[in-house]
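**Student:** no FASTA, just this:
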């Protein structure tokens, strides 16, 4: 901090300005200045002095927060001989300030906890604290606060402690855990029904449960468990205390997830939770939603914990099916938020039963799933006075989507056809209100795809009745019925006689604004599944595509319609595809030309991304079957469209977003016709390289990788593609050579090595024989420490595939050349590569990247094992552990590469 140590008066004034200055600019200046102070060495002494002065809450809070932050992030600044003094000072402060403000006590408790975790010389910190304060009832609140945050901070990412230290801490806390529980029990006995103290005790106990260090046999017979359930059973328990007790029980249940090894505590918790049913009903009667939600959390956690026991021995011992009854009681609550808590359990139950695939077990659990589905259908009902279509984006809309997902996951237990028929019968035999009809149709839509459409009269009847719904029914019913029709596309495919009435029904929806997007999605589904039958309706689809913007469609729905049209287009006779594709693209091309003309006239830039995205989806999904020797029917159309795409790219070359869309469109155009786009190769590459020199958008590198993938094995194209690579690499290296260039441009790193990898895969000798390979390898070595998932993955894949070319396909005629070139590259850069990889593993990279690094080292070892062991003695033991005949490491091998001792 410039100007030396500031005086306390100045610091105090800055704190006052931060909290009380009416001028926002003054607050901002104070915040910046105080932030600099917190980062300086003076912060230790100044925060200590402010806490001693105890002038007001604001200054003490700032000081306590500063002390916590310094201990978390800058503990290394203090010499070891000052650690004891700091500890004693903090303990004095928390005792002196215990009555000033709870938030200050919490900050100081965190500071003490973080200090204890980093201060290796403070042995038995829990014992020390309890010895010092347990006889003073007034100190009990802050003592319990420290003991609460201590286990919570063990896994804090803010603390710079290693795995060995964390293990040592956890063992130490486990050793004193029973002492803590005894203290908490004594605290409850001394303070009686003091609500604030009970909340603190339950929070603390839950924190120790969460760390997983409590002796479950000791806890099973502890009085605290009895107190917990007494609090939860009492009708007069306050909301805050009820929540704290519920959190604690949930933590305890989570801690004993391995029931067989924690049998005593598991039994106590199981029996205790089953006693809460009456209390739940009382909370429902009193309309106390907070307590109802707490009970449902507890019941759900109980079911999650005993899930395997329930499936293994249903109805016996702790597999008692009363646990499921509790969840179904909750599912009957009128508020959908209650049943939603249990969704993950029902999903896991379905997953377990699906894997076991035991018909007898399915029979046992089927009635529970049937009752659940009945409850879910009721919860999905809209309000009777709801107007318009169902909302997808509000909380209730998201709930319905989760219901749909859950129903799909568990429907196999009931039987899709049986459930579908039962739902339909409720509509067919009765005359339910519109909201009931809509909810039933919604559930039917969720399971329609899982019903076998082959020779199924019920499905046919449902489809027939739905498309006959009058326009007078509620808009929400029409909306959901359209979604159901879209989900029944397999039925339409099996029964082509329904195609005309279905399309007629969907076209009515398409013409109405509220229903348009749902109808477009349904037409897309029909096109995707019924491509052959839809070929006769292509002209109708083309008419829709031409007037797409006359419908009130979302962007996603419009693109989906074009996708469906393209899928049908690909099934037309080859001689018709070119003309029809040209017609389909014409609307987009004309719009792009119009934008370009307007810009040249008035100089205003309009956004072409809508039209580019539509062209991209057309190219992506127009995939006709073309025999060898036949000209691709899309080739001519794409050649005609190229000038417009080229002009659009040139016009918007400075706009990364638009350039990305152009490249995406060109990518799918190239993929669409494959080698039929050869005539575009030279002008496209020339334009890419030209624009990239000025505006290095990484999407050009990605597009380059597509071109290499398509043409890299063509002898006549290799040199041109290599020239493209070299031209793109020069500005790329300039960009990445800047300060923090790799970290600031991870997309460029990702796409550069994607391009280089394609070259290795398609034409390795061409790349390895070039001068640019040295710079690419050096860049890969530098980027190997980059902590970015996609970029690091691309770098590792490039290096792995590059080295692999030296051992792969040894029967091919260019094998010896490849092997020699890889040998030369490894001789020049191998040791630097391996050293950098080992350093990155130890100091730079997160654990999820290590398997990729292991695969690179495996390839180096497969290519030249003795040399690798000379380069990295740490890996020598692998030479004796792994036989030369092994071909690929699995996860355990990957770990061995990093953990084997030297």
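**Tutor:** Done, it's in. Treat the numbers as computed from the prediction; the structure is a model and nothing was measured. Numbering: from 1, shown residues only.
**Student:** residue boundaries of the helices in the stretch 751-900 of the chain?
**Tutor:** 764-768, 772-783, 789-804, 815-843, 850-863, 865-871, 876-881, 891-899 (DSSP state H, counting those that start in this stretch).
**Student:** looking at the ones you listed, which one has the lowest mean pLDDT?
**Tutor:** Mean pLDDT per stretch puts helix 891-899 lowest among these, at a mean of 31.
**Student:** Please tell me how far residue 790 sits from residue 746.
**Tutor:** 7 Å (Cβ to Cβ, to the nearest Å). Using the backbone N, CA and C atoms, a C-beta is placed for each residue, glycine as well.
**Student:** The residue nearest the centre of the chain: what's it in contact with?
**Tutor:** Among the residues of the chain, the one closest to the centroid is residue 789, at 13.1 Å (Cα atoms, centre = their mean). Residue 789 is in contact with 848-849, counting by Cβ atoms under 8 Å, 6 or more residues apart in numbering.
**Student:** what's the spacing between it and residue 754?
**Tutor:** For residue 789, the distance to residue 754 - Cβ to Cβ - is 14 Å.
**Student:** Repeat that for residue 163.
**Tutor:** Taking Cβ to Cβ, one finds residue 163 at 34 Å from residue 754.
**Student:** which of those two has more neighbours?
**Tutor:** residue 754 (24 against 7; other Cβ atoms under 10 Å).
**Student:** Might you list the low-confidence residue ranges for this protein?
**Tutor:** For the chain, applying pLDDT under 70 flags the ranges 1-3, 600-605, 872-902.
**Student:** how does it look with 50?
**Tutor:** For the chain, applying pLDDT under 50 flags the ranges 877-902.
**Student:** And the helices in the stretch 251-400 of the chain?
**Tutor:** Using DSSP H, counting those that start in this stretch, the helices of the stretch 251-400 of the chain run over 263-274, 277-285, 289-305, 307-312, 322-331, 336-340, 343-356, 359-379, 395-414.
**Student:** Contacts for the second one next, please.
**Tutor:** Translated: helix 277-285. In contact with helix 277-285 (Cβ under 8 Å, 6+ apart) are residues 232-235, 291-292, 295-296, 299, 326, 329-330, 333.
**Student:** all helices for the stretch 101-250 of the chain, in order.
**Tutor:** Counting by DSSP H, counting those that start in this stretch, the helices of the stretch 101-250 of the chain are 102-118, 125-133, 140-153, 163-191, 195-211, 216-220, 223-233, 239-255.
**Student:** related to what we said a few turns ago, for the helices of the stretch 251-400 of the chain, which one sits closest to residue 439?
**Tutor:** For the helices of the stretch 251-400 of the chain, distance to residue 439 was read as Cβ to Cβ. The smallest value, 5.4 Å, belongs to helix 359-379.
**Student:** Going by neighbour count, which residues of that closest one are buried?
**Tutor:** 361-362, 364-365, 368-377, 379 (16 or more other Cβ atoms under 10 Å).
**Student:** For these, work out which two are farthest apart.
**Tutor:** The two members of the buried residues of helix 359-379 with the most space between them (Cβ to Cβ) are 361 and 379, at 26.6 Å.
**Student:** Test my guess that residue 584 contacts residue 565.
**Tutor:** Yes - using Cβ atoms under 8 Å, residue 584 is in contact with residue 565, at 6.4 Å.
**Student:** quick one: common contacting residues for these two?
**Tutor:** The contact lists of residue 584 and residue 565 share 542, 545, 618, where a contact means Cβ under 8 Å, 6+ apart.
**Student:** which residues are contacting stretch 645-661?
**Tutor:** 592, 595-596, 599, 605, 607-609, 612-613, 615-616, 662, 665-666, 669, 683-684, 687, 691, 694-695, 697, 699-700.
**Student:** Could you do stretch 323-332 as well?
**Tutor:** With Cβ under 8 Å, 6+ apart as the test, stretch 323-332 has contacts from 273-274, 277, 280, 292, 295-296, 299-300, 302-303, 306, 310, 338-339, 341-342, 345-346, 365, 368, 371-372, 375-376, 379.
**Student:** cutoff 7 Å now
**Tutor:** Residues outside stretch 323-332 that contact it (Cβ atoms under 7 Å, 6 or more residues apart in numbering): 277, 280, 296, 299-300, 302-303, 306, 310, 338-339, 342, 345, 368, 371-372, 375.
**Student:** go on, stretch 70-81?
**Tutor:** When contacts are defined by Cβ under 7 Å, 6+ apart, stretch 70-81 is touched by residues 41, 43-44, 86, 111, 114-115, 118, 158-159.
**Student:** who are the neighbours in contact with residue 345?
**Tutor:** Residues near residue 345 by Cβ under 7 Å, 6+ apart: 300, 303-304, 327.
**Student:** 6 Å instead?
**Tutor:** Contacts for residue 345 were tallied using Cβ atoms under 6 Å, 6 or more residues apart in numbering; they are 300, 303-304.
**Student:** Check residue 202 too.
**Tutor:** 244-245, 248.
**Student:** Can you tell me which of those has the most neighbours?
**Tutor:** residue 245 (28 neighbours).
**Student:** Flag every buried residue along whatever helix or strand residue 465 lives in.
**Tutor:** Assigned by DSSP states H and E, residue 465 falls within helix 457-466. By neighbour count with 16+ other Cβ under 10 Å, helix 457-466 contains the buried residues 459-460, 462-463, 466.
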